[in-house]
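I would like the atomic coordinates for the input below:
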Amino acid sequence: MPQPVPQNDLQARYAALRDRIDPAIARVTSSGSYVLGPEVDGFERRFARYLGASFGIGVGSGTDAVEIALRACGIGAGDVVLTVANSAAGTVVGIERAGARVALVDVDGDTYTMCPESLRTVIHSHNDRPGVRLSAVVPVHLYGQPADMVSIAAIAREHGLVIVEDCAQAHGASVRDRRVGTWGSAAAFSFYPTKNLGALGDGGMVVTSDSKVAQAAREIRQYGWQERHISARTGINSRLDELQAAILDACLDTLDDDNQRRRSIAKRYHAALSATELVLPRLLGDSHHVYHQFVVRSRRRDALRQFLQQHGIATAVHYPVPIHRQPAYAGRLLIDDQLAVTQQAAGEIVSLPMYPQMPDDHIDAVTRALAAWQRQATP
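Now for the predicted structure:
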């Protein structure tokens, strides 16, 4: 019987990068410096330079990065931040921890990222509402697909909104040859192990080219200190540790190659599945998709997943329940758009196997199984 095909395989990733990761770990463990030392400083500089930004501020997680980026940009109590509901909950958690309220915008049906038309509609619906101060927008570059930053940036400028990008799933993605993470006042990255650039634990980074935002973010991440033990502002404890920074720095040089492998896998999926009933990811001409996930849609999603499981192929759903439908957020979020695309997509999306070390025979197994599914479904 053929080997099962995992949806992701972190052990394969470690095996491929062992010669980079193990020396980095040994260097840190023998150094005696474990928190906010030379490894963090070096990785902050290299990752910011890779993106085309001026500053990187390593923090404890992607969720912390959203909070700290917003706070560093002056967003807090009394502000309303516009974002989407089909992201991981961390986006909304970070916004609320910054003290702001959340207003939800629908997504585009082809890219699953923030819909500029919905953004404009929601802004207009809130503009004259007493007690609602729209202050920022957090577009999420979901599944490795960049949001329409040209349109979103124009709308934000028109209405005086701060842009903080959520780039947790889009390391290396770009719009018009400009990396995501450089389109706004600041950006938030996650280095959770499954990400395109992943650590062996939690980690995140705030990225900005504004020196004042960078300084504020550095202070907020460590108790608000401007000098040791003296808090100039209210801060938190959220620091990227030396071990994770060393691992990430060691793997940064492979990121573009890994992303290219993801694109190659996606190209094979597109070629093999274009004649099926599945709705495939749309390729935008001015964007560079890095395929954190390869997400398709089917109105018979649950039956499809069961069929693939029977053929030894694992899938996942990112994300099955939009944030506004989850119990913790019932009645707390501002919703003026019906979020029709978000809600429909949540019941149809499925993530196929996708990771850079995925063997070619596993790709073939996925496409064969999906072809069999199509034949079974066709009268």
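
Now A232: closest residue in space, sequence neighbours ignored.
Q226 (4.2 Å; CB to CB, 6 or more residues apart in numbering). Using the backbone N, CA and C atoms, a C-beta is placed for each residue, glycine as well.

what's the spacing between that neighbour and R71?
15 Å (CB to CB, to the nearest Å).

which of the two has more neighbours?
Shown here are Q226 and R71; by other CB atoms under 10 Å, R71 has more neighbours (26 against 11).

do you know how far N259 is from Y319?
For N259 relative to Y319 (CB to CB), the value is 22 Å.

More neighbours: which of the two?
N259 (23 against 18).

quick one: the more buried one and G172 touch, right?
Yes: here N259 reaches G172: they are 4.8 Å apart, a contact under CB atoms under 8 Å.

hey, what's in contact with both of those two?
Shared contacts of N259 and G172 (CB atoms under 8 Å, 6 or more residues apart in numbering): N196, V290.

Might you report the residue contacts of R179?
Contact analysis of R179 by CB under 8 Å, 6+ apart lists Y50, L51, G52, A53, G172, A173.

Any idea what it is bridged to?
For R179, the beta-bridge assignment (DSSP bridges) gives partners S174.

Which per-residue confidence value corresponds to it?
On pLDDT, R179 comes in at 98.

With Q376 instead?
On the pLDDT scale, Q376 gets 83.

Relative to Q169, how far out is it?
Separation of Q376 from Q169 (CB to CB) stands at 32 Å.

Compare the two (neighbour count), which wins?
Set Q376 next to Q169 and count neighbours by other CB under 10 Å: Q169 wins out with 27 against 9.

which residues are contacting stretch 322-339?
By CB under 8 Å, 6+ apart, stretch 322-339 touches 80, 85-87, 89, 91-92, 101-106, 118, 121-122, 125-126, 132, 342-343, 346.

follow-up on the earlier one: ok so the residue nearest to A232 is a strand residue?
Yes: counting by DSSP: H, G, I helix; E, B strand; the rest coil, Q226 is located in a strand.

Isn't it up against R218?
No: using CB under 8 Å, Q226 makes no contact with R218, being 9.1 Å away.

Which strand or helix spans the residue nearest to R97 when sequence neighbours are not counted?
Nearest residue to R97, sequence neighbours excluded (CB to CB, 6+ apart): E67, at 4.4 Å. In the assignment (DSSP states H and E), E67 maps to helix 62-72.

quick one: that helix to chain centroid distance?
Chain-centre distance of helix 62-72: 13 Å, with CA atoms, centre = their mean, to the nearest Å.

Now that helix: average pLDDT?
Averaged over helix 62-72, pLDDT sits at 98.

same for the following helix or strand past it, what does it pack against?
Where DSSP H and E defines the elements, the next helix or strand beyond helix 62-72 is strand 79-84. Judged by 3 or more CB pairs under 8 Å, 6 or more residues apart in numbering; DSSP states H and E, the packing partners of strand 79-84 are helix 90-97, strand 101-105, helix 116-127, strand 133-137.

Can you list the neighbours in contact with the third one?
In this case it means helix 116-127. With CB under 8 Å, 6+ apart as the test, helix 116-127 has contacts from 80, 82, 103-107, 132, 134, 137, 148, 151-152, 155, 159, 161, 334, 336-337.

And the first one, by the same measure?
Outside of helix 90-97, the residues that reach it under the criterion CB under 8 Å, 6+ apart are 61-67, 70, 81, 83-84, 101-102, 138, 140, 166, 168, 188, 190, 323, 329, 333.
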